[in-house]
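Engineer: sequence? don't have it. structure:
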């Protein structure tokens, strides 16, 4: 590897490639046996094309430029097209064209040019249409109509409407039938029951946003095609009963399945439209839906058999198939880490859009008959070699008051270059938009543009983000500009404190609501002096202006929940607005603004710059004609990326010769790079990402990283796991024995392959070492850690020789692990306390956050906070100086135990750890059991002699390790050690 300063690494991933390569498809649906979707075309003025996937696998764009399949319903847009197959003449497609917002009919197989179905209105924003269903038997299209009645952005009404397919309404607004009145401010498109006799839709009103409170409405469809007997069958918009219904679809039996958050999570419920009785189908602390930012998003779809294909997860989504009759949910295996809200079905096949940290969004087809999923369309193409892509990890950080803050961390990565040993990399904190939204862990070429040049990125899902339940979402209620700023700052400070990021070269950036968080962070005392610069993209900067007449109808009262009612707390609007604190900003910044943005209009940016005038703060203001809220054109995207890199180069003090220098209007004193701490490797102060807890039906794997197992003990342990409802797979080397070294289960490469296969199997949720012994250290260099990173976090359980794997997983993957009993260890099946504590840690981790034992007592009194690490102390010493080893225990709560180590040998081990500097800065020590190590008083004397003068609390007698009972202890998580009370208490459950 060649050494070069961070930020200056040459990369083949240019701004042009990052801006124009592939792009995210949207609004996928099935038309007969075909699958269609919309796709971005940055090189064609940013239009969205309509793409058709024929049964033979051929992809074609069916509408040439300038057709732009997109609309402006609620400004963020809604589902812009729908189609039906026909017996003759090919499919019939209806779509909205962005330029005039009209609805068009199109027959792609020889039907001529698209023909307009709706008129144009010159009043305000005109007429807009979305989320349609095509009904050839009625000769109509049923959809959402958004109609402006005046020039103000809030002079608008929304109804369900029926548009004639014969084109008679193309010049005659009166030919459009309104199916509902406009008593509700917002509606989604209709969903018709299988027999066509009922329709369902979702409605809500100001000041609610759709994630605050909505209603599911149902009506009878008369023979004349009218809606009668409208009732609300689910949901409430106000009061303590408020709940958000995000989507509803019909089941074959005439009941509805709906996603509602009445349990605190968007879970699926069956709803009887006749009685409004609801039944929860699969209660889980996970999200089966998300925020309804665009009308027509689909997180689940109903198959003809009545099964429900559904997305679900925490912080990300995976695809599963739910049986509503039994509540059984079977996940679909595959390499994808996130699925977009765009599911469709064709017969018993399911189609969706899925991505991973190394692939963009692809069209994936699931055959439910076989359970096999494959890429069917929009297949990922590498823009550059995959070695130039980042290797991200999801982590949970501690925010103010110990609250959890979720983030994805993308370290700098280059296949041929690395930074100098004495230099820490710059990092940019990315704040997402919304703010009621989230960022998934998927490939983003804009992030790779920076990481491949030596700049780290951390995407923060701050409090208020979706994906983690309603309580996490509600953290931002009346706290916008506080919680988001604090959480981003907590991640930035943690990365700096642990030695991951250069504390002098931190930046923050974001667009829309993320632009607000960026500007607020640069002007707020909550993050004072933290960031060296910032990139602010189409932001909100003046709350009072935005809340009155400077935004669109959909979000016109959003701030009532995010900040509070303006009439009641006007001072809060002023105190938090960056425009009123421009005098506080000292860091250089870049401000990017679309001149056609009606959501965050240019007047916000201009007012902020006027308040800043004359202060000499280095900055650049770049505007883009023809761009609205969210940049779409290639030239805009390229210029914005290059300008952002130039800002960082000038601020952080590195060269960026391949991009034009952006003029910041004043000299920028470059931030001096902070030297990397002298000790190389990975420290212990960083909290690691928690894998998810286990559920009944999960598959777990048993592997042999060390020696083989006696079949009797292993079989007994496997039966315990199966008794917990787990599907157990034992990998081949578990019963093996090395040809010449009988203490090993197989050669090092074979044991490593088994471990890799277990971890990388997408169906495996947890990996258990079957037993200890010796040999784990030998196989570490044979493990493909990059493949394990790509597979994502898994639960790992083991102790004794597995300490080598605990350390390696922490340093290579950044994943928390469980120091606990193994299935081929006799007490695993024989001891009730040992077994039950492990079960609760795996399935009910919140119940065992506090660890103590009857004999736990202070060897050295005191109280300390740190991140748990450790294990078998002889293995910790054996790892010193080896590749990827932890640099030391600084900032950690060190847990140690061992077996068959007499007092003088234990003295030798602890002395080695002391003299090497490995124990320097440790926050506290917890001593476990010392089986077969001679009289405990002799062991205790060594512990007191070697640990007693470290100046930190030391707890002895906690039941973990080789003794019985053996508690399960999560490693890699923040905890408080109270030696006087004899307790170790985790800040959060050991598993997510």
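Structural biologist: Structure received. These numbers were taken from a predicted model, which means no experiment stands behind them.
Engineer: what bridges to residue 535?
Structural biologist: The partner list for residue 535 in beta bridges (DSSP bridges) reads residue 509, residue 590.
Engineer: what sits against the nearest residue to residue 451 once chain neighbours are set aside?
Structural biologist: Leaving out its chain neighbours, the residue that sits closest to residue 451 by Cβ to Cβ, 6 or more residues apart in numbering is residue 390, at 4.1 Å. From N, CA and C alone the C-beta is placed, and that goes for glycine too. Counting by Cβ atoms under 8 Å, 6 or more residues apart in numbering, residue 390 makes contact with 357, 410-413, 447-448, 451-452, 457.
Engineer: One more: residue 726?
Structural biologist: 694, 696-700.
Engineer: quick revisit: mind checking the SS state of the residue nearest to residue 451?
Structural biologist: coil (DSSP: H, G, I helix; E, B strand; the rest coil).
Engineer: What distance do you get for it to residue 437?
Structural biologist: In this structure, residue 390 and residue 437 are 21 Å apart, going by Cβ to Cβ, to the nearest Å.
Engineer: repeat for residue 885
Structural biologist: Residue 885 is 39 Å from residue 437, by Cβ to Cβ.
Engineer: Same check on residue 662?
Structural biologist: Counting by Cβ to Cβ, the gap from residue 662 to residue 437 is 28 Å.
Engineer: right, and the helix or strand after the helix or strand of the chain with the lowest mean pLDDT?
Structural biologist: The weakest-scoring helix or strand in the chain, judged by mean pLDDT, DSSP states H and E, is helix 785-791 (a mean of 82). Once helix 785-791 ends, the next helix or strand along the chain (criterion: DSSP states H and E) is strand 795-798.
Engineer: Show me the contact partners of stretch 833-844.
Structural biologist: 693-695, 720, 724, 766, 795, 797, 818, 820-821, 827-829, 847-848, 964-968, 970, 990-991.
Engineer: helices and strands around the least confident helix or strand of the chain, which ones?
Structural biologist: In terms of contacts (3 or more Cβ pairs under 8 Å, 6 or more residues apart in numbering; DSSP states H and E), helix 785-791 is packed against helix 748-760, helix 803-813.
Engineer: Check the offset of it from the chain's centre.
Structural biologist: 18 Å (Cα atoms, centre = their mean, to the nearest Å).
Engineer: next SSE after the host helix or strand of residue 642?
Structural biologist: For residue 642, the host element (DSSP H and E) is helix 634-652. Going down the chain from helix 634-652, the next helix or strand is strand 699-703, by DSSP H and E.
Engineer: Report the rounded mean pLDDT for that following strand.
Structural biologist: On average, the pLDDT along strand 699-703 is 95.
Engineer: Downstream of it, the next helix or strand is which one?
Structural biologist: Criterion used, DSSP H and E; the element after strand 699-703 is helix 711-723.
Engineer: strands paired with the helix or strand following that following helix, and their directions?
Structural biologist: Sequence order places strand 727-730 as the next helix or strand after helix 711-723, per DSSP H and E. Note on strand 727-730: by DSSP bridges, its sheet partners are strand 699-703 (parallel).
Engineer: What segments of the stretch 501-650 of the chain are helices?
Structural biologist: 513-523, 543-548, 559-562, 570-576, 602-612, 634-652 (DSSP state H, counting those that start in this stretch).
Engineer: how far away is residue 890 from residue 952?
Structural biologist: On the measure of Cβ to Cβ, residue 890 and residue 952 end up 11 Å apart.
Engineer: what does residue 889 give?
Structural biologist: 10 Å.
Engineer: Touching both of the two, which residues are there?
Structural biologist: What both residue 889 and residue 952 touch, as defined by Cβ under 8 Å, 6+ apart, is the set residue 922.
Engineer: Which one of the two is surrounded by more residues?
Structural biologist: Using other Cβ atoms under 10 Å as the criterion, residue 889 and residue 952 rank with residue 889 on top: 27 against 21.
Engineer: quick one on the thing from earlier: Produce a PyMOL select command limited to the buried residues of the contacts of stretch 833-844.
Structural biologist: The buried residues among the contacts of stretch 833-844 can be selected in PyMOL (16 or more other Cβ atoms under 10 Å) with this line:
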select buried, resi 693+694+720+724+766+795+797+818+820+821+827+828+829+848+964+965+966+967+968+970+990+991
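Engineer: Which ones among the contacts of stretch 833-844 lie within helices?
Structural biologist: Per DSSP state H, helices hold the following members of the contacts of stretch 833-844: 720, 827-829.
Engineer: can you name the two of those that are farthest apart?
Structural biologist: 720 and 827 (11.2 Å; Cβ to Cβ).
Engineer: Show me the domain layout of the chain.
Structural biologist: Here the domain parsing of the chain from automatic domain parsing is 389-652, 699-986.
Engineer: give the contact list for the residue nearest to residue 21 when sequence neighbours are not counted.
Structural biologist: Excluding its sequence neighbours, the residue lying closest to residue 21 (Cβ to Cβ, 6+ apart) is residue 383, at 4.1 Å. Contact analysis of residue 383 by Cβ under 8 Å, 6+ apart lists 13, 17-18, 21-22, 445.
Engineer: Tell me which of those has the lowest pLDDT.
Structural biologist: residue 22 (71).
Engineer: doesn't it fall inside a helix?
Structural biologist: No: assessed with three-state DSSP, residue 22 is coil; it does not lie in a helix.
Engineer: change the start of the numbering to 2 and stick with it
Structural biologist: Fine by me, first position is 2 from now on; the one you just mentioned is residue 23.
Engineer: Give me the residue ranges of the chain where confidence is low.
Structural biologist: Scanning the chain with the threshold set as pLDDT under 70 gives 671, 673, 675-688.
Engineer: repeat that with 80
Structural biologist: Counting by pLDDT under 80, the chain contains low-confidence ranges at 23, 238-242, 670-688, 735-736, 791-792, 885.
Engineer: Point to the residue nearest the middle of it.
Structural biologist: Nearest to the mean C-alpha position of the chain, by Cα atoms, centre = their mean, lies residue 441 at 3.1 Å.
Engineer: Distance of the closest residue to that residue other than its chain neighbours relative to residue 203?
Structural biologist: Spatial nearest neighbour of residue 441, excluding adjacent residues (Cβ to Cβ, 6+ apart): residue 339 at 3.7 Å. Separation of residue 339 from residue 203 (Cβ to Cβ) stands at 24 Å.
Engineer: what about these two, which has more around it?
Structural biologist: residue 203 (25 against 22).
Engineer: so who does that one touch?
Structural biologist: With Cβ under 8 Å, 6+ apart, residue 203 has these contacts: 188-189, 211, 215-218, 236, 246-249, 293.
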